[in-house]
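Q: I'd like to go over a predicted model; first the sequence, then the structure.
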Amino acid sequence: MRPFAWLARRLTPPPDPALPPPVPRWAVVADAARGTGPFAPGTRLTVVGVYWGMKGDTVTVVGRHPQSGHFLTVGMPTRHLANVRPELVSHPHVVRQVEQHAEFTQYPADSPEAVVHAAKVADRLAVMSAGTQAFRR
């Protein structure tokens, strides 16, 4: 366990029960390829931002750290993604990150346009990614 991890957990406020749970949203999801830094190979990553200026070679992703289990938001090269696909994300933290950063929020959460847009972005990113990889767990 990390030093002072207990303190961080203690200082983190519990979720407000008065707030409604966020509505699941369509987003681009990928797996971490080998050698991605803070993520273990095969970790599920949600793409919350794409920098299209350099042909989409840099993305911002949200994923769980393998040791701590905390969510990390990290910028990384697109070539470190594998198995890129559109998917419905429902975890409250990930949904909030998608709503704050992603371009998918221009469509209502449950609309067919959101699905089509996520599929188009996934197709564009799949060309620049590591392709399809099988991961052993």
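A: Ah, there it is. Numbering: from 1, shown residues only.
Q: switch to C-alpha atoms for all contacts and neighbour counts from now on
A: Noted.
Q: the lowest-mean-pLDDT helix or strand in the chain: what's the following helix or strand?
A: Between all helices and strands in the chain, the lowest mean by mean pLDDT, DSSP states H and E belongs to helix 5-11, at a mean of 46. For helix 5-11, the following helix or strand on the C-terminal side (DSSP states H and E) is strand 25-32.
Q: Ser68: neighbour count?
A: If you count neighbours by other C-alpha atoms under 10 Å, Ser68 ends up with 10.
Q: ditto for Ser129
A: Neighbour tally, Ser129, other C-alpha under 10 Å: 21.
Q: okay, now the nearest residue to it once chain neighbours are set aside: neighbour count?
A: The shortest distance from Ser129 to any non-neighbouring residue, by C-alpha to C-alpha, 6 or more residues apart in numbering, is to Arg79 (4.2 Å). The number of residues packed around Arg79, counting by other C-alpha under 10 Å, is 19.
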